[in-house]
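Asks: give me a model of this one.
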Amino acid sequence: MMALAMDDVSKFIGKAVKDPYGRDLGKLVGVASNIKGEISSVSIELTSGDFEERPSKQLSVNGEALTLLQDLPVEADELIRELDLLRRRDRALDELSSGGDVDETMYKQLKEQFRQAREELLKTSETTIEKLAGRIQRLDEQIKLIQFLIANNKMHYTSGEIGEDAYSLANESIQSGLRQFSSERKTIEDKINALIASRDSAEEAGTLKPETETKPVQSPEQGIVPAKIVGPTKVGGSRDIVVVRMEP
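Replies: Numbering: from 1, shown residues only. Sure, this is the predicted structure:
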């Protein structure tokens, strides 16, 4: 993700800031940049009147719109990138080792570094998934409340207790909220699934590859003959048993 420059963001100072679902968050009132002119953080006056500072990684500029991304999805995306990079580096290291391009000592040192990085990333991803799941639970509560309001207002309108104009205005606002919450829920659900998939794909990173060895096996016709271990074959998911196939 490219760093935002001062020229990209300064034109939005004093203007509205929205979240990815179109909800008003407040307005941009200040920016902070480094010596290169890259934005490091922004200050926002929230609709509640409070002021908050947010890191630049949460900003997205699309044409004439400035969007403030939510922290949990951004955190999930970072973890997905890190897990994917760890998996690719671990695979590349195995290939280099198999080709004799990395000596055994260096191979084991790097594998240990990858193992430690994997453990830390898996631990962090579990925490992030729990937070994302908590957000889904709160969104479900909001969606349930909105659905109740829709039914309740419709009943009062049908019974003549509220007028058509009032009903239309309220219904428009409620339906907009329902779309926003439903869209956010879908986004977070996708982030959880993507993070789980990345976590599972990197679960063996840092694990030393099995060493090839020759073991005697009993052959009814030929007696004892050496058998070559072809290699591990995974069954099912990443936590399943590894089956070793034997070839004569």
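Asks: quick check: next helix or strand after the lengthiest helix in the chain?
Replies: Longest helix of the chain, by residue count under DSSP state H: helix 104-158. Downstream of helix 104-158, the next assigned helix or strand under DSSP states H and E is helix 164-201.
Asks: can you pull the contacts of the residue nearest to the spatial centre of the chain?
Replies: In the chain, the residue lying closest to the centroid (CA atoms, centre = their mean) is Ala76, at 2.6 Å. Residues counted as contacts of Ala76 (CB atoms under 8 Å, 6 or more residues apart in numbering) are Thr128, Leu132, Lys191, Ile192, Ala194, Leu195. Quick note: C-beta positions are derived from backbone N, CA and C, even for glycine.
Asks: ditto for Asp71
Replies: Contacts of Asp71 (CB under 8 Å, 6+ apart): Gln58.
Asks: repeat that for Glu189.
Replies: By CB under 8 Å, 6+ apart, the contact list for Glu189 reads Ile136.
Asks: state the distance from it to Ile143.
Replies: 13 Å (CB to CB, to the nearest Å).
Asks: do you know how far Leu145 is from Ile174?
Replies: Separation of Leu145 from Ile174 (CB to CB) stands at 10 Å.
Asks: the two: which is more packed in?
Replies: Using other CB atoms under 10 Å, the more surrounded residue of Leu145 and Ile174 is Ile174, with 16 against 13.
Asks: dump the residue contacts of that one.
Replies: Contacts of Ile174 by CB under 8 Å, 6+ apart are Ile146, Leu149, Ile150, Asn153.
Asks: give me the buried subset of these.
Replies: Ile146, Leu149, Asn153 (16 or more other CB atoms under 10 Å).
Asks: make CSV from those and add distance to Gln137 to it.
Replies: Output for the buried ones among the contacts of Ile174, formatted as CSV (distance: CB to CB, whole Å):
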residue, distance to Gln137
Ile146, 15
Leu149, 19
Asn153, 25
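Asks: as a markdown table, these with pLDDT and distance to Ile35 would be great.
Replies: Supplementary listing: the buried ones among the contacts of Ile174 in a markdown table, determined by pLDDT from 0 to 100; distance: CB to CB, whole Å:
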| residue | pLDDT | distance to Ile35 |
| --- | --- | --- |
| Ile146 | 93 | 48 |
| Leu149 | 93 | 51 |
| Asn153 | 93 | 55 |
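Asks: per-domain residue ranges of this structure.
Replies: Split into domains by automatic domain parsing, the chain comes to 6-69, 73-201, 214-247.
Asks: of those domains, which shows the lowest average pLDDT?
Replies: Lowest mean pLDDT within these: domain 214-247, a mean of 42.
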